[in-house]
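In: Show me how the following folds:
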Amino acid sequence: MTALATTDRGFFLGAVAAMTAVVVASNILVQYPFEPFGLADWLTWGAFTYPLSFFVTDLTNRQIGAVAARRVVYVGFLIAVVLSALFADARIAAASGLAFLTGQLLDVTVFNHLRRQTWWRAPLAASALGSIVDTTVFFSAAFAFSGLPWLGWAAGDLAVKLSFALGLLAPFRLAIAWWGRPQAA
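Out: Residues are numbered from 1 along each chain as shown. Next up, the predicted model:
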C-alpha cells in the first residue's frame with residue numbers, strides 16, 4: 001500500500017466524505033417515490049443523488065489514480081453501509097453495499113483501462129457500465145418480491161444515471177482542468 005502525498009491525502013479524504021454523504025443520502029431517499037409529474041412508479045428521490053457517486057469515483061481515479069479510487073470505494077462502503085443501516089431499511093443498506101461495491105469497482109476498472117483515451121470516454125463508459133450493474137444488483141436485491149414497483153424504479157433510476165453520466169461530462173472536464181494535474185496512473 002503506497003502512501004498518499006499530502007495534497008492527495010486531502011483529495012482522498014474529501015472524496016471519502018463526499019462518497020459517504022452521497023450513498024447515505026441516496027439510501028434514505030430511495031425509500032421515497034418521486035411523486036411529482038406522476039412518476040412515483042418510475043423514480044425515487046434517490047435517483048437524483050446516487051449518480052454523483054460515479055462522478056466522485058471518476059474524479060478520484062483521474063486525479064490520484066485507480067488505487068486511491070478503490071480505497072475511496074472501500075472506505076466509503078464501510079462508512080456508508082454502517083450509517084445506512086442506522087438511517088435506512090436494513091435490506092436497502094445490504095443491497096446498497098453489494099451494488100455499490102460491484103458497480104463502483106467496475107467503474108474504477110473500466111475508467112483505468114480507458115484513461116489514456118479521449119478525456120470523455122473513460123468517465124462516460126465507466127459510469128454507464130457501473131450504473132447498469134449497480135442498478136440491476138441494487139433494485140433486485142432491495143425490492144424484489146416486495147410488492148413495490150421496483151422494475152419501474154430500476155428503469156427510471158438507470159435512465160437518470162445515464163443522463164447524469166452525460167450531463168456530468170462538462171463538470172468533469174472543468175474539474176480536471178481546474179486541478180491541472182497530469183493523469184494519475
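In: Give me the mean pLDDT for stretch 84-102.
Out: If you average the pLDDT over stretch 84-102, you get 92.
In: Can you tell me what sits against it?
Out: With Cβ atoms under 8 Å, 6 or more residues apart in numbering as the test, stretch 84-102 has contacts from 23-24, 26-28, 30-31, 53, 73, 76-77, 80-81, 133-135, 137-139, 141-142. Where you see a C-beta, it was placed from the backbone N, CA and C, and this is true even at glycine.
In: Could you rerun that using 7 Å?
Out: 23-24, 27-28, 30-31, 73, 77, 81, 133-134, 137-138, 141-142 (Cβ atoms under 7 Å, 6 or more residues apart in numbering).
In: what two of those have the greatest distance between them?
Out: The largest separation in the contacts of stretch 84-102, counting by Cβ to Cβ, is between 31 and 73 at 23.2 Å.
In: So the two - more neighbours on which side?
Out: The neighbour comparison of residue 31 against residue 73 (other Cβ atoms under 10 Å) goes to residue 73, with 25 against 15.
In: Next, the buried residues of the helix or strand that one falls within.
Out: Element membership of residue 73 [criterion: DSSP states H and E] is helix 66-87. Judged by neighbour count using 16 or more other Cβ atoms under 10 Å, the buried positions of helix 66-87 are 66, 68-73, 75-77, 79-81, 83-85.
In: Next, the angle helix 66-87 makes with the helix or strand just after that helix.
Out: Next helix or strand after helix 66-87 toward the C-terminus (DSSP H and E): helix 90-114. Relative orientation of helix 90-114 versus helix 66-87 (axes from the mean of the first three to the mean of the last three Cα atoms, to 10 degrees): 170 degrees.
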